[in-house]
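> No letters, just coordinates:
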């Protein structure tokens, strides 16, 4: 039976959800703010309504009722993990496409989650609730430095502070408490050991309250300031035995929670001891869900909708088969050297395509990118028969990607992909911080080559043979291409100047 589903979100995830809703024969509805009046996601919904904020529960529910919605899908971010929002949606007689409010409460309490894991005998790091600096001091004396402060009632890196010695405790605790107080209703902070040589591995699951299955794992170890940038599935860092152990642990935990709908169990993997520990549960769809879709062939959004309406999971664990390798790069509107925001209008946009390439985008040529929201504008997801093919395909896709009018982190992503650590999967969550100087040098070389090639092309647009030669220069190794582009740029400038004089 066709349903009208309101997508309470914006950008690439709203577009991505709308596409699956349309394929299922349902009608996508939307909301937008004044800033997003010309946003791409508005083109993918049949009807929408303006709201003052994507965080205003009253306005979004009112919009859903006004548009005749049968259900609401929250996407990720904004209100997606607010159990209050889910409860009010359900109380209005609408279907909530996500975990039940009770499950969201259980999953969102990190300390409660750790207690559940301990009772089940599942691996978790030691921890203690922090009331003042003395709690941190006592914990560090027992477990050693470094330690890390974390928010008990929220994620996204908010409130996280690594403490390396006693002199840092008071200042970093104060900052952590201030951040957590502003961001979450739950102001509790806890401390646990900080693993400086670790990887971030997470397991995608989906359940119906009784049955829970996994869709294998992803690795998200390339991060900056605790924000993920590159993700891949499956993880290239673990053995088949470790894979069976980690997905089994995730399923056992989610069954204990009575988990319904899609969610992710996040683990930290100690590469020295080859042991993993529970971190948290994200009770929503994740930004990086497409890599799991690519290697399993499962449309996770469709599964969310089916479970929400039918209250039953139609898949069995035996139906899930892992094939090939997928890598995702988050394209952000930022300066690639310092990650400061780069707002503005996108004047020209050519997105990559071809075999094994998928782009989940929230922008188009003419779109305005605001600092009001996340700098994420799109995701490039590639699929290959193995990791090597996927990596080559991602490099090719990023070379094809043309965005003008704003800056992006594409040069940064290229620098990471070219590193030996990423190629051989020895990178950890601290890779970016530990290699920033090397990465910046590669980024600067890339930016110099881009600038010079752009100058060349701007002078020889009518001559497509020369444009093609200029592009081939840019593709050469960083050691030689800059000087060669300089020589060609001077030659083309001289030719253009002589033609202008003749005219």
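Done, it's in. Since this is a predicted model, take the numbers as computed values, not measurements.

> Now do the domain split for the protein, please.
Here the domain parsing of the chain from automatic domain parsing is 4-97, 126-193, 324-434, 439-502.

> what ranges do the strands span in the stretch 251-400 of the chain?
Taking DSSP state E, counting those that start in this stretch, the strands of the stretch 251-400 of the chain run over residues 260-270, 275-282, 325-332, 344-345, 348-350, 357-361, 368-369, 376-384.

> Of the ones you listed, which stretch is the most buried?
strand 325-332 (a mean of 26; mean count of other C-beta atoms under 10 Å). No exception for glycine: its C-beta is placed from N, CA and C like everyone else's.

> Can you tell me the strand partners of it and which way each runs?
If you go by DSSP bridges, strand 325-332 pairs up with strand 227-233 (antiparallel), strand 376-384 (antiparallel).

> Mean pLDDT for those strands - can I get that in TSV?
Shown next, in TSV, are the strands paired with strand 325-332 (pLDDT from 0 to 100):
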stretch	mean pLDDT
strand 227-233	97
strand 376-384	98
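
> Quick one, which of those strands gets closest to residue 443.
Evaluated over the strands paired with strand 325-332, closeness to residue 443 peaks at strand 227-233, with 13.3 Å, by C-beta to C-beta.

> rewinding a little: which stretch in the strands of the stretch 251-400 of the chain has the least confidence?
Among those, strand 348-350 carries the lowest mean pLDDT, at a mean of 91.

> List the neighbouring strands of the host helix or strand of residue 149 plus their orientation.
When elements are assigned from DSSP states H and E, residue 149 belongs to strand 147-151. Take DSSP bridges as the rule and strand 147-151 pairs in its sheet with strand 161-163 (antiparallel), strand 189-193 (antiparallel).

> gap between the two ends of stretch 423-435?
Taking C-alpha to C-alpha, to the nearest Å, the first and last residues of stretch 423-435 lie 15 Å apart.

> Output the longest strand belonging to this protein.
Longest strand in the chain by number of residues (criterion: DSSP state E): strand 212-224.

> okay, now residue 319: neighbour count?
Counted with other C-beta atoms under 10 Å, the neighbours of residue 319 add up to 11.

> I'd like the domains of the chain written out as TSV, with distance to residue 288 added.
Below are these laid out as TSV (distance: least, C-beta to C-beta, whole Å):
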stretch	distance to residue 288
domain 4-97	10
domain 126-193	14
domain 324-434	6
domain 439-502	21
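
> Residue 206 is nearest to which of those?
Closest among the domains of the chain, using C-beta to C-beta: domain 4-97, at 12.2 Å.

> hmm, back to that, could I get the strands paired with strand 325-332 as CSV with distance to residue 356?
As requested, the strands paired with strand 325-332 are arranged in CSV below (distance: least, C-beta to C-beta, whole Å):
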stretch, distance to residue 356
strand 227-233, 14
strand 376-384, 4
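
> Which of these sits closest to residue 322?
That would be strand 227-233 among those, by C-beta to C-beta, at 8.3 Å.

> by how many degrees do that closest one and strand 212-224 diverge?
130 degrees (axes from the mean of the first three to the mean of the last three C-alpha atoms, to 10 degrees).

> now strand 227-233, how far from the centre of its chain.
Centroid displacement of strand 227-233 relative to its chain, using C-alpha atoms, centre = their mean, to the nearest Å, is 6 Å.

> Next, the buried residues of it.
Buried positions in strand 227-233, judged by neighbour count with 16 or more other C-beta atoms under 10 Å: 227, 228, 229, 230, 231, 232, 233.

> tally of neighbours for the closest residue to the fifth one other than its chain neighbours?
For residue 231, the nearest residue in space outside its immediate sequence neighbours is residue 288; the separation is 3.9 Å by C-beta to C-beta, 6 or more residues apart in numbering. Around residue 288 sit 24 other residues, with neighbours defined as other C-beta under 10 Å.

> Is residue 288 in contact with residue 326, as I believe?
No - assessed by C-beta atoms under 8 Å, residue 288 is found out of contact with residue 326, at 9.8 Å.

> before we move on, back to that, and the strands of the stretch 251-400 of the chain as TSV, adding distance to residue 153?
Shown next, in TSV, are the strands of the stretch 251-400 of the chain (distance: least, C-beta to C-beta, whole Å):
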stretch	distance to residue 153
strand 260-270	16
strand 275-282	11
strand 325-332	25
strand 344-345	35
strand 348-350	39
strand 357-361	29
strand 368-369	31
strand 376-384	24
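
> for these, which one sits closest to residue 205?
Closest approach to residue 205 among the strands of the stretch 251-400 of the chain is made by strand 260-270 (5.7 Å; C-beta to C-beta).

> could you check the angle strand 212-224 makes with the closest one?
For strand 260-270 against strand 212-224, the angle between stretch directions is 50 degrees (the same axes, to 10 degrees).

> And strand 260-270, how far out from the chain middle?
Computed by C-alpha atoms, centre = their mean, the chain-centroid distance of strand 260-270 equals 14 Å.

> Show me what that strand is packed against.
The elements that strand 260-270 packs onto, with contact taken as 3 or more C-beta pairs under 8 Å, 6 or more residues apart in numbering; DSSP states H and E, are strand 198-208, helix 240-257, strand 275-282, helix 300-310.

> Return the most buried member of these.
strand 198-208 (a mean of 24).

> circling back: so which of the strands paired with strand 147-151 is the most surrounded?
Ranked by mean neighbour count, those are led by strand 189-193 with a mean of 22 (mean count of other C-beta under 10 Å).

> what's in contact with that strand?
110-111, 125-130, 135-136, 139-140, 143-144, 146-152, 159, 163, 173, 176-177, 180 (C-beta atoms under 8 Å, 6 or more residues apart in numbering).

> Please convert the helices and strands packed on strand 260-270 to a markdown table, extending it with distance to residue 426.
Output for the helices and strands packed on strand 260-270, formatted as a markdown table (distance: least, C-beta to C-beta, whole Å):
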| stretch | distance to residue 426 |
| --- | --- |
| strand 198-208 | 10 |
| helix 240-257 | 16 |
| strand 275-282 | 17 |
| helix 300-310 | 30 |
